[in-house]
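Enquirer: Quick one: sequence plus predicted model below, questions after.
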Amino acid sequence: MTTRTEARSRARLALGGAGPEELAADFARTIARGFAASPRAVPFHALLDAAGVRLLRELAELPEHYVVQAERQTLAERADAAALYFPRGTPTVIEHGVVDVERTSQLLAPLVRHFGTLPYVAVGPHPEAIEPACRRLAAAHPGLQARGVVGRIEDAVRELRATPGPRLLFWPGGGAGGYERSDAIAVLRGIGAALGGSDLLIAGIDLRKDPRAIERASNDRKGVTRALRLNLVARINRELGGNLDPDLFRERIAYDPETGRLDAHVISRRAQTARIEALDLDVSFAKGEAIRVETATKFSPQEIDAAAEAASLVVLERWYDRDGRVAVNLMRLRGR
């Protein structure tokens, strides 16, 4: 039986952006392009169909995978301060990523208390990444006006440009760290170009730390990270008519503490050939051949400051979790 609260939350949520056909076509293009590259590589979002999103949520609860847990803790202790940056009116909150209800609630709750009502737009790579969470958030925060958009960070920036100010872009999950360093700076530049003088960026960024902690988070004992990366193979089979054998692939993680760069690959265990019907493609793998499926960068506080400066941003406040693992950075256009 549907409660009044559930009915209200359904009424508040509109889901826009890429539909199923567009997502399928985008995935096909991504695989065709990535498998034609040398060396082969696909972006991390290619792992995130509904099954991949569920695995990412499971990963967030593991003790080794600390990022989401650290951000929850930090926002619970510090997010009350965010409302003080909007003295002239209610901001629209735009979040990018796989929405974690507990983490996002820590940011939204004090804003709803302060302003009474609050527009909120969740932009994520798949409906599973945003729709269930948006419904729960709308039910938990009666003043929240929530809607979802299926898309990537560039779609979140377009939402930012199209939304009247003031605006708050929330980019958690170590978002800026999910790129090579130069690409992260390029994304921050795009965000900076879209921000107005009354706007705020809140970005969670994973920090440099003991390499053993990073390696444990990237290769958990339960095998969830392995399942997430190998979901690429399963997704190709499900959506593109592939006949790749998941048992013939393994994962490999490499972290360079000098550069702070982490790379994850799916590796062919032996020489093999597979068919991907939707692409009319026969693909061959040599033994040990790799497909890069993730690149991430860990930052020091000084490197965050330098990246912000390169994007014409300034860090107003930096909040740490109690163990100093992740930094939540409040940024604004420099000189505003």
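Expert: It's in. Note that the structure is a prediction, hence the values are computed from the model and not measured.
Enquirer: ok, which stretches of the chain are helices?
Expert: For the chain, the helices defined by DSSP state H cover 4-12, 20-36, 50-60, 67-78, 101-115, 127-140, 153-162, 181-194, 211-218, 224-240, 301-310.
Enquirer: Least confident of those helices, on average?
Expert: Note on those: helix 4-12 shows the lowest mean pLDDT, a mean of 42.
Enquirer: Kindly provide the distance from Arg216 to Arg318.
Expert: To Arg318, Arg216 is 25 Å away according to C-beta to C-beta, to the nearest Å. Yep, even glycine has a C-beta here, placed from its N, CA and C like the rest.
Enquirer: And these two? Which one has more around it.
Expert: Legend: neighbour count by other C-beta atoms under 10 Å for Arg216 and Arg318, higher for Arg216 (17 against 14).
Enquirer: wouldn't Ala81 be in contact with Glu317 here?
Expert: Yes: contact criterion C-beta atoms under 8 Å: Ala81 and Glu317 qualify, at 7.0 Å.
Enquirer: wait, Pro43 sits on Thr30?
Expert: Yes: contact status for Pro43 versus Thr30: in contact at 6.8 Å, counting by C-beta under 8 Å.
Enquirer: quick one: which of these two has more around it?
Expert: Each of Pro43 and Thr30 has its neighbours counted (other C-beta under 10 Å); Pro43 has more, 18 against 14.
Enquirer: how about the helices of the chain, which one is nearest Pro91?
Expert: Closest approach to Pro91 among these (C-beta to C-beta): helix 101-115, 7.4 Å.
Enquirer: helices or strands up against that closest one?
Expert: Here helix 101-115 touches helix 67-78, strand 92-96, strand 118-124, helix 127-140, strand 167-171, going by 3 or more C-beta pairs under 8 Å, 6 or more residues apart in numbering; DSSP states H and E.
Enquirer: Alpha carbons only: can I get that helix in PDB?
Expert: Below are the C-alpha coordinates for helix 101-115, written out as PDB (Å, rounded to 0.1, in the frame of the first residue of the first chain):
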ATOM      1  CA  VAL A 101      21.300   8.700   0.400                       C
ATOM      2  CA  GLU A 102      23.100   8.900   3.700                       C
ATOM      3  CA  ARG A 103      25.900  11.100   2.400                       C
ATOM      4  CA  THR A 104      23.700  13.400   0.400                       C
ATOM      5  CA  SER A 105      21.300  13.700   3.300                       C
ATOM      6  CA  GLN A 106      24.100  15.100   5.500                       C
ATOM      7  CA  LEU A 107      24.400  18.000   3.000                       C
ATOM      8  CA  LEU A 108      20.800  18.500   2.200                       C
ATOM      9  CA  ALA A 109      19.300  18.300   5.700                       C
ATOM     10  CA  PRO A 110      20.800  21.600   7.100                       C
ATOM     11  CA  LEU A 111      20.000  23.400   3.800                       C
ATOM     12  CA  VAL A 112      16.400  22.300   3.900                       C
ATOM     13  CA  ARG A 113      16.200  23.400   7.500                       C
ATOM     14  CA  HIS A 114      17.700  26.700   6.700                       C
ATOM     15  CA  PHE A 115      15.800  27.600   3.500                       C
END
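Enquirer: Check the offset of stretch 62-69 from the chain's centre.
Expert: Here stretch 62-69 is found 15 Å from its chain centre; the criterion is C-alpha atoms, centre = their mean, to the nearest Å.
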